[in-house]
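1. Predicted structure and sequence below. I'll ask about it afterward.
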Amino acid sequence: MNDLIAKPRPFPRSFWTANVTELFERGAYYAMASFVVLYLGGLGLGDYWPSTLNGILWTLVYFLPILSGTVADIVGFRRSLLAAFVLLAAGYFLMGYPVWLGGATLRNTVATEVSAGTNVVLPIVMAIVLIGLGGSVIKPCISGTVQKTASPIGRATLGFGIFYMVINIGSVAGRLTSFFVRKQFDLSFIFAVAMVCSIIAFFTVLLMYRDPPVDSNSQAARKSVGRKLADMVLVLGNARFVLFLLVSSGFFFIYSQVYNVLPLYLKKVVETDPAVDLITMANPITIVFFQLLITHLFGKMKPIRSIIVGIVIIGLSMLINLVPIYFLGGLRALPISGFIPAGSMFLVLTVSLIAFGELFTSARTYEYIGALAPKGQEGLFLGYANLPMAIGALIGGPAGAAIFNELMCKNATKLESGLLELDPFWNAAGWVLLAVIGLLSAVSMAIYNRWIEKQVTG
């Protein structure tokens, strides 16, 4: 009888190699992501350029896969991954270059005015372009490998579950490694961690990875870059879809502030030496521990309702930062055994709540786009599902810097420690504005869905 029960087929080697590769790639990226704005500020790029450049970096990573995925299909995943990790290693090296070899001084404070010279600006801009290009290639190659190796054996759901778990494990590992290395040396060495992870990933691909089987009859496999550009015109000419992208980008606008406003707030207001990497680590940890529970309890909720719930959660997550402003003795009070300032403690809670919002929103967005797309074009439209992240990051970088510098810091005074004492009213106003943006995005999404339903039934 037992012989009649089919045993599940094991995942092929390429599946596991792809996941190991993703582990190191995510470790590399998140080793440095939490400190990019503070690092660039310490190099003398002023109040606005650090967040703006960080937003451009995220935009490249999430927008370019539309084209880089097609290039990867043409030249093969293995060659694409090898080239991508060369670009990433070079990019991370150039991020550290101004301090390591360029003669720049990394200050412990974030200056207001721009004082950096070409010895800083040129390698940093080149680094952002290289990291953006390399990162954009990794995404379609790894996810494509998971799909091509797990789907034929009927284990796509488990395969992508493992893949998503690996992403978050890599995120945690990268942040932890970065924490210990920067404490031992200086902040610039977070890029050394990222560079080493990229080199390890390169050799993992070189020695172990093999391209998954290619379906020669697949239309996607035959698409040229020119055809992909034509598809982009087709997709972005769909008013319903473009409107959805714009409305849903509000979520990612708020999400991007984890890497723009939060580091600045921690460094300039709450602590002189904040563990931003450990504080933002609350995001992947929350996802790892609660992903299955949220899926079990709310998996049957309609996708649009789940998306709206997620946007509401991320909006409300901003408001809890009002508590240490008016209670608990202030932002720098130590209410828990003298261990962590109240301001930092509530930012940990903020990041955790943002992760809950992500659990309700991210996966269901793909499901909603699949239903929204014209029949027979679901795959094409799903290829653009990351555009809201690109839009949110591109706008969120400079806008986040403006909210912090022009609103939260209005009427601020500098303390002897170098930290800013914020006016409670304007400090609170910044967090309220972020919350309002999130809640307006949720309302806009509800109105948009009502409009779509009327068009379908009309």
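-> Sure thing, it's come through. Numbers count the residues shown, from 1 in each chain.

2. only C-alpha atoms for contact and neighbour calcs from this point on.
-> Fine.

3. Mind telling me what element W451 is part of?
-> Per DSSP states H and E: W451 is located in helix 424-457.

4. Packing partners of that helix?
-> Helix 424-457 makes packing contacts with helix 239-256, helix 303-319, helix 323-326 when contacts are defined by 3 or more C-alpha pairs under 8 Å, 6 or more residues apart in numbering; DSSP states H and E.

5. These: which one's closest to K267?
-> helix 323-326 (16.2 Å; C-alpha to C-alpha).

6. can you list contacts of the closest one?
-> For helix 323-326, contacts defined as C-alpha atoms under 8 Å, 6 or more residues apart in numbering pick out 330-331, 342-343, 346, 424, 427-428.

7. Just the buried residues of the residues you listed.
-> 330-331, 342-343, 346, 424, 427-428 (16 or more other C-alpha atoms under 10 Å).

8. Next, give me the two most distant ones among the residues you listed.
-> Most distant of those, by C-alpha to C-alpha, are F346 and P424, 15.8 Å apart.

9. Surely S441 touches L246?
-> No. Counting by C-alpha atoms under 8 Å, L246 is not a contact partner of S441; they are 9.4 Å apart.

10. what about those two, which has more around it?
-> S441 (23 against 16; other C-alpha atoms under 10 Å).

11. And the pLDDT at that one?
-> Looking at S441, its pLDDT is 95.

12. Now do the contacts for it.
-> 247-248, 250-251, 311.

13. can we see that at 6 Å?
-> S441 is in contact with G250, counting by C-alpha atoms under 6 Å, 6 or more residues apart in numbering.

14. That one and F253, how far apart?
-> Distance, S441 to F253, using C-alpha to C-alpha, to the nearest Å: 10 Å.

15. And Q455, by the same measure?
-> Counting by C-alpha to C-alpha - Q455 and F253 are separated by 28 Å.

16. So between those two, which is more surrounded?
-> Under the neighbour definition other C-alpha under 10 Å, Q455 and F253 were set side by side, and F253 has more, 26 against 9.

17. Spell out which helix or strand contains the spatially closest residue to A355 that is not a sequence neighbour, please.
-> Nearest non-adjacent residue to A355, counting by C-alpha to C-alpha, 6 or more residues apart in numbering: N283, 5.1 Å away. Using DSSP H and E, N283 maps to helix 282-298.

18. for F191, same thing?
-> helix 190-208.

19. do the same with L67
-> Using DSSP H and E, the element containing L67 is helix 65-75.

20. Alpha carbons of that helix, as CSV, please.
-> Extracted C-alpha coordinates of helix 65-75, given in CSV (Å, rounded to 0.1, in the frame of the first residue of the first chain):
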residue,chain,number,x,y,z
PRO,A,65,14.2,43.8,-13.5
ILE,A,66,11.6,44.6,-16.2
LEU,A,67,14.4,44.7,-18.7
SER,A,68,17.2,42.8,-17.0
GLY,A,69,15.0,39.7,-16.7
THR,A,70,14.7,39.6,-20.5
VAL,A,71,18.5,39.9,-20.9
ALA,A,72,18.9,37.1,-18.4
ASP,A,73,16.5,34.9,-20.4
ILE,A,74,18.6,35.5,-23.5
VAL,A,75,22.1,35.0,-22.1
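
21. domain parsing for this structure?
-> 11-211, 222-458 (automatic domain parsing).

22. Out of the helices and strands packed on helix 424-457, indicate the one that is most buried.
-> Of the helices and strands packed on helix 424-457, the one with the most neighbours on average (mean count of other C-alpha atoms under 10 Å) is helix 303-319, at a mean of 24.

23. so where is the stretch 201-350 of the chain shaky, pLDDT-wise?
-> Across the stretch 201-350 of the chain, the ranges flagged by pLDDT under 70 are 214-226, 228-229, 336-338.

24. if you set the cut-off to 80 instead, what comes out?
-> Applying pLDDT under 80 to the stretch 201-350 of the chain flags the ranges 213-234, 335-339.
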